[in-house]
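Undergrad: predicted model, plus sequence, below.
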Amino acid sequence: MNIKIYQENRLTRQPFFKTLITYLSENNEVQLRTLHQEFSKESHLDRKIGTYIDAGLILRKNKRYSNAFHVFSDADFEPKQIEIHTNTPQHLSYDHPFFVAKGSQIERLLDASQIYQTLSNDVNAIKLHETTQFGFKTPENNNPVKATLANYFIKLEEGVPLSAFENEIYARIGDVDPNYALKYMTTFLLKFSNHSHIKARTDIFIETLEKYHYIEQISEKEYCCKLKFSTLCLETKHFDEAKDFIAAQIGQTQNLPDFIEI
């Protein structure tokens, strides 16, 4: 079985972990000596497997090993749960990795669903709201994924490979502290709440906002803002069970325009 991992952490991103769980999904309840034979070239094999067991990802029972997690497929959901529908946009959260069968309708709907991101800083109350695809960390088959500033900061924090566009951003601002960057970016954006055009000398943060099409240069030293100011506030809902989160997330299909909240 091909397995896709969502909301990965440090352990699930390890290449050997992905290789191991694929093997165990096809060869359940394997003895340790079989794993040593199969992965004879893998260094520190016992230590790595022990770490996965401690994290609750691999199960050791009666000296045999298997995957300790459920792989969600279309069979886990009622037909009405995986119909294409639109729920009221919300911030949905689930705190752990979860596993989905590749090629399933659930995978397709998850990747196409939307997440609503909010960037804030500790200097002012301005918030930048963005929308992107749920599968932005693991795009498949070169499917285009909308770039957002939140995606960039998340990928840097979690060590997720950057896209070609994000590498262009990295060449400008590097691994900058998000709070530091947002302090300057939001202060600049706030000026557009009272003026349709702003004159300013360009810098790396203004260039970054322009790259993301949040502002547009209309003359040599003049900019306009392409985002609207709004008071829209999305509710937040937390889930304790992966299945409930998946069912709710695939209903997040509304692509909200990015906006600035004061």
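TA: Perfect, thanks for sending it.
Undergrad: what is the neighbour count of L128?
TA: Other residues near L128 number 24, with proximity taken as other C-beta atoms under 10 Å. From N, CA and C alone the C-beta is placed, and that goes for glycine too.
Undergrad: hmm, I typed the wrong one, I wanted G56.
TA: 10.
Undergrad: that one: what secondary structure?
TA: Secondary structure, DSSP: H, G, I helix; E, B strand; the rest coil: G56 is coil.
Undergrad: and the pLDDT for it?
TA: You'll see G56 listed with a pLDDT of 97.
Undergrad: repeat that for P79.
TA: For P79, the predicted pLDDT is 80.
Undergrad: for Y180, same thing?
TA: So, for Y180, pLDDT stands at 96.
Undergrad: where does the stretch 101-250 of the chain have low pLDDT?
TA: 140-143 (pLDDT under 70).
Undergrad: can you give me the helices in it?
TA: Assigned by DSSP state H, counting those that start in this stretch, the helices in the stretch 101-250 of the chain fall at 105-112, 149-158, 164-173, 178-190, 204-211, 242-249.
Undergrad: packing partners of the fourth one?
TA: So the one you mean is helix 178-190. strand 127-133, helix 204-211 (3 or more C-beta pairs under 8 Å, 6 or more residues apart in numbering; DSSP states H and E).
Undergrad: if we can go back for a sec, adding mean neighbour count and distance to N27, write the helices of the stretch 101-250 of the chain out as TSV.
TA: Conversion of those to TSV gives the following (neighbours: other C-beta atoms under 10 Å; distance: least, C-beta to C-beta, whole Å):
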stretch	mean neighbour count	distance to N27
helix 105-112	19	23
helix 149-158	18	30
helix 164-173	14	38
helix 178-190	18	43
helix 204-211	18	47
helix 242-249	19	24
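Undergrad: so which of those comes closest to Q90?
TA: helix 242-249 (7.9 Å; C-beta to C-beta).
Undergrad: next structured bit after that closest one?
TA: Moving toward the C-terminus from helix 242-249, the next helix or strand (DSSP states H and E) is strand 259-261.
Undergrad: ok, now which ones touch K237?
TA: By C-beta atoms under 8 Å, 6 or more residues apart in numbering, the residues touching K237 are 90-93, 248.
Undergrad: what's across from it in the sheet?
TA: Beta-bridge pairing of K237 under DSSP bridges involves L92.
Undergrad: that one and Y212, how far apart?
TA: 27 Å (C-beta to C-beta, to the nearest Å).
Undergrad: what does S219 give?
TA: 20 Å.
Undergrad: who's more crowded, these two?
TA: The residue with more neighbours, out of S219 and Y212, is Y212; 22 against 9, by other C-beta under 10 Å.
Undergrad: the residue nearest to the more buried one when sequence neighbours are not counted and T88, how far apart?
TA: Spatially, and ignoring its direct neighbours in sequence, Y212 is nearest to L149 (5.8 Å; C-beta to C-beta, 6 or more residues apart in numbering). L149 sits 25 Å away from T88, going by C-beta to C-beta.
Undergrad: check K155 too.
TA: 28 Å.
Undergrad: okay, and the residue nearest to N27 when sequence neighbours are not counted sits in which element?
TA: Sequence neighbours aside, T34 is the residue nearest to N27 in space, at 7.8 Å (criterion: C-beta to C-beta, 6+ apart). In this assignment (DSSP H and E), T34 forms part of helix 32-38.
Undergrad: give me the contacts around that helix.
TA: With C-beta under 8 Å, 6+ apart, helix 32-38 has contacts from 20, 23, 27, 45-46, 49, 63, 65.
Undergrad: try 10 Å
TA: For helix 32-38, the surrounding residues in contact (C-beta atoms under 10 Å, 6 or more residues apart in numbering) are 19-20, 23-24, 27, 30-31, 42, 45-46, 49, 60, 63-65.
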